[in-house]
Each structure stands twice: as C-alpha cells, then as structure tokens.
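Peer 1: Below are the sequence and a predicted model for it; my questions follow.
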Amino acid sequence: MGEENIYKNILYVDDEVHNLNSFRAVFRRSYTIFTASSAEEGRQILKANNIHLIITDQRMPETTGIEFLESIIKDYPAVPRILLTGYTDINAVIDAINKGSVYKYVQKPWSEDELRTTIENALKLYNNSKNQEELTEKLMTTNEQLEFLLRQNLLS
C-alpha cells in the first residue's frame, strides 16, 4: 500500500449496491470503508463517523454526486472528494470542480491501481492538511508564549 496514512476512513456513496460491494471487497484491507446507497444515508454516516475521504457516484436517482458534495462542503470542507461516473459529461466535470470542490474525477469502470493511487494521493493531501493545521496551532501557541515572555522582560 505504500506510505501509511493515519486517516483511513472512506465513505463511498453509490445507488448501485453491486458497486458498493465491489469497492468494499477491493479496498477493505487497506481502509475502513463506509458505504451508502443514497445521499441521505451518506450524510448520516458523515454525522456519525470521522470520514477522511468521500467518493461518490455522479448519477443517482434522488440527487447527483455533485449536488451531494455541494450540500456537505460547508460542514466538511477539508475532506477530499472524488467523483466516479460512467458518463463523460464536460459540464459535470466543470460543476464537480467548481461546485463540489472535487479533488479528482474518475471514470467507471475504474481501474483498481488507478483508483488506489488516487485514494492514496487524496489521503496524503488530507494528512498534509491536518499536519499543517497542527503546526499552525503549535506556532500560534509558541508565539503567544514568546510574546508573554517579552512583555514580562520589558516590564521588569
């Protein structure tokens, strides 16, 4: 699998149960897989779990993948998103990027190696983002401590 990621929880949303089962069978040993057969079920999983990567099908009966991603972006802005689809529609690609902040657009049927590489890269991006947040927080704390010490020295 390559470099280990601390963050491994993946949500895959697709209305076709066969696709969900195939995805789980292929990736279950490398990641913790959560599957949902609807956007609403996906939202419930997101609320109940700490998800690090979201993968969704584009064409679903009640909502499109882009609409689903757009609806959750406010609550989960840092989580990378991958859109899977069997259809090549340039407008869907543009909407995925502009509205759903999609990290990558992958066509079905997906190649296991290509999708695995895409997932690894997305999780590395998430890891880097989380590491940057932690470092920024530590830097702010250190700055506050230094500022306090400088003030103490100036007052003495």
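Peer 2: Okay, I see it. From a predicted model like this one, the values you see are computed outputs, not experimental measurements.

Peer 1: So which elements touch the top helix by length along the chain?
Peer 2: In the chain, assigned by DSSP state H, the helix with the most residues is helix 112-155. Here helix 112-155 touches helix 17-27, strand 53-57, strand 81-85, strand 104-107, going by 3 or more C-beta pairs under 8 Å, 6 or more residues apart in numbering; DSSP states H and E. Just so you know, the C-beta spots here come from the backbone N, C-alpha and C atoms, and that holds for glycine as well.

Peer 1: tally of neighbours for L149?
Peer 2: Counted with other C-beta atoms under 10 Å, the neighbours of L149 add up to 10.

Peer 1: just N91 next, same as before
Peer 2: With other C-beta under 10 Å as criterion, N91 counts 8.

Peer 1: tell me the pLDDT at it?
Peer 2: N91 carries a pLDDT value of 72.

Peer 1: ditto for M1
Peer 2: Confidence for M1, expressed as pLDDT, is 39.

Peer 1: cool, and N5?
Peer 2: 56.

Peer 1: And N143, by the same measure?
Peer 2: 83.

Peer 1: And it, how far from T136?
Peer 2: Applying C-beta to C-beta, to the nearest Å, the value for N143 to T136 is 10 Å.
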